[in-house]
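Undergrad: okay, here's the prediction I keep looking at, along with the sequence it came from:
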Amino acid sequence: QSVLTQPPSVSGAPGQRVTISCTGGSSNIGAGYDVHWYQQLPGTAPKILIYGHNNRPSGVPDRFSGSTSGTSASLVITGLQAEDEADYYCQAYDNNLSGSRLFGTGTKVTVL
Amino acid sequence: QVQLQQSGPGLVKPSQTLSLTCAISGDSVSSNTAAWNWIRQSPSRGLEWLGRTYYKSKWYDDLPIYVKGRVTISPDTSKNQFSLHLNSVTPEDTAVYYCARSIMGAAGYFDYWGQGTLVTVSS
């Protein structure tokens, strides 16, 4: 099964900028498919944070932004806040596995 | 506002069939613009998409190759809900199971989620 690889953890002090990477391949991110990002707080379902590379649903602060380059994508949190401490997942379509929707391995963001 | 409410048992015996239901409010399972998905999450496998059902003049389902033969996802238009059936379960199928809506399109994202159901496979 194809994989979208993320760092297990990143951390930063309040107000800092943190970046979470999501590395895929030629059958998913590299093929130009949209990358989406989710935030998951403990004990809750994932919540859509960024869709279609860099679109935010209503209510998501503009300190969250996404970008894509080649076979990788990134989520940037600018001005980290205590309530941003959560798990983050990227997600993309993969044309190699009967149209599978792949999730990233997940990144735990810790606010120091 | 779309809401998804999951129901089903939290304990299933090995070799049996896991069955969960997701009741939809604020949208229709027969919508031409949405698809209805099942996703699971476990420490060993992370988040894993199990498939979807959708209506576009007739009913379709998309199942990833790694679950084909074990998973059935079916709509119930009379109750505006859809179900997951996963057969021949093993302890590896222990996970939190979520239903979720996605907007039609190959790269559609999951915009509404159910509350999650922890299913344990154990005798």
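TA: The structure has been received and is ready for your questions.

Undergrad: which residues of chain A fall in strands?
TA: Using DSSP state E, the strands of chain A run over residues A:9-12, A:17-23, A:35-40, A:47-50, A:64-69, A:72-78, A:86-94, A:100-103, A:107-111.

Undergrad: near chain B, which residues of chain A show up?
TA: Chain A has residues A:1, A:33-34, A:36, A:38, A:44-48, A:51-52, A:57, A:89, A:91-93, A:97-106 near chain B, with proximity defined as C-beta under 8 Å from any C-beta of the partner chain. Placement of C-beta: from N, CA and C, glycine included.

Undergrad: quick one: A:Gly24 and A:Gly32 touch, right?
TA: No: taking contact to mean C-beta atoms under 8 Å, the distance of 11.2 Å between A:Gly24 and A:Gly32 leaves them out of contact.

Undergrad: neighbour-wise, which of the two wins?
TA: In terms of neighbours (other C-beta atoms under 10 Å in any protein chain shown), A:Gly24 is the more surrounded of A:Gly24 and A:Gly32; the figures are 25 against 10.

Undergrad: got the contact list for that one?
TA: Contacts of A:Gly24 were listed using C-beta atoms under 8 Å, 6 or more residues apart in numbering or on different chains, and they are A:2-5, A:30, A:71-73, A:92, A:94, A:102.

Undergrad: got the phi and psi for it?
TA: For A:Gly24, the backbone dihedrals (degrees, to the nearest 10) come out as phi -120, psi -140.

Undergrad: if we can go back for a sec, buried ones among the contacts of A:Gly24?
TA: Among the contacts of A:Gly24, those scoring as buried are A:4, A:71-73, A:92, A:94, A:102 (criterion: 16 or more other C-beta atoms under 10 Å in any protein chain shown).

Undergrad: take these and lay them out in JSON lines including pLDDT.
TA: Formatted as JSON lines, these follow (pLDDT from 0 to 100):
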{"residue": "A:Leu4", "pLDDT": "94"}
{"residue": "A:Thr71", "pLDDT": "96"}
{"residue": "A:Ser72", "pLDDT": "97"}
{"residue": "A:Ala73", "pLDDT": "97"}
{"residue": "A:Ala92", "pLDDT": "94"}
{"residue": "A:Asp94", "pLDDT": "89"}
{"residue": "A:Leu102", "pLDDT": "92"}
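
Undergrad: which two from those end up farthest apart in space?
TA: The largest distance within the buried ones among the contacts of A:Gly24, taken as C-beta to C-beta, falls between A:Ser72 and A:Asp94 and amounts to 14.7 Å.

Undergrad: and A:Gly79, how close does it get to chain B?
TA: When C-beta to the nearest C-beta, to the nearest Å is the yardstick, A:Gly79 and chain B sit 24 Å from each other.

Undergrad: correct me, but that residue touches A:Arg17?
TA: Yes: between A:Gly79 and A:Arg17 a contact is recorded at 7.3 Å, counting by C-beta under 8 Å.

Undergrad: direction included, what does the helix or strand harbouring B:Leu50 pair against?
TA: Remark: B:Leu50 resides in strand B:46-55, with elements defined by DSSP states H and E. Strand B:46-55 has the following strand partners under DSSP bridges: strand B:34-42 (antiparallel), strand B:59-62 (antiparallel).
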